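1. Fold the stuff below for me.
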Amino acid sequence: LKAIEKVFKDEEEAFACSARTGYILSDLSNIGSGMTVQVTAKFPRLARRKDVSNIISTFGLTLMTAIPPTPARGGKSVDVLQIGLQPSIGISEVEMLNAVIVGVGELVRLEKALASGRRHLWLF
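-> Now for the predicted structure:
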């Protein structure tokens, strides 16, 4: 760190720093528009599946959180999922939102298929 600071000092450059918040950092996972899209939805049958994360990722989405049961809900199994878009570079905000809409629509279709008694899911 001292060597890097010396190079910056020699070239009259410095790390971006704020007295109130400290050093300003960047995270490569946040490259792009900075917009995040997340949906919270109830999928009682999909949520019970061990492969739910893989199913969600098939549609370019990520399982962010499976909301645990609460006493108010009678301690039932997890059925509420928070789903977001996988980090994407080079797509617009509109494309990001459309990808989530299409992906969640497909998850709804799969949930309905499971509700109708189907045990095996065809993802394509």
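2. what are the phi and psi angles of the residue nearest the centre of the chain?
-> Centroid-nearest residue in the chain: residue 84, 3.1 Å away (criterion: CA atoms, centre = their mean). Per-residue torsions, residue 84: phi -130, psi 180 (degrees, to the nearest 10).
3. Which strands and helices lie in contact with the lengthiest helix in the chain?
-> For the chain, the helix with the greatest residue count under DSSP state H is helix 93-115. Helices and strands touching helix 93-115, by 3 or more CB pairs under 8 Å, 6 or more residues apart in numbering; DSSP states H and E, are strand 38-42, helix 44-47, helix 52-58, strand 61-67, strand 80-85. For glycine as for every other residue, the C-beta is placed from the backbone atoms N, C-alpha and C.
4. same for the second one, what does it pack against?
-> Helices and strands in packing contact with helix 44-47 are listed as strand 80-85, helix 93-115; criterion 3+ CB pairs under 8 Å, 6+ apart.
5. Out of those, which is closest to residue 2?
-> strand 80-85 (39.4 Å; CB to CB).
6. What residues sit buried inside the closest one?
-> Judged by neighbour count (16 or more other CB atoms under 10 Å), strand 80-85 contains these buried residues: 80, 81, 83, 84, 85.
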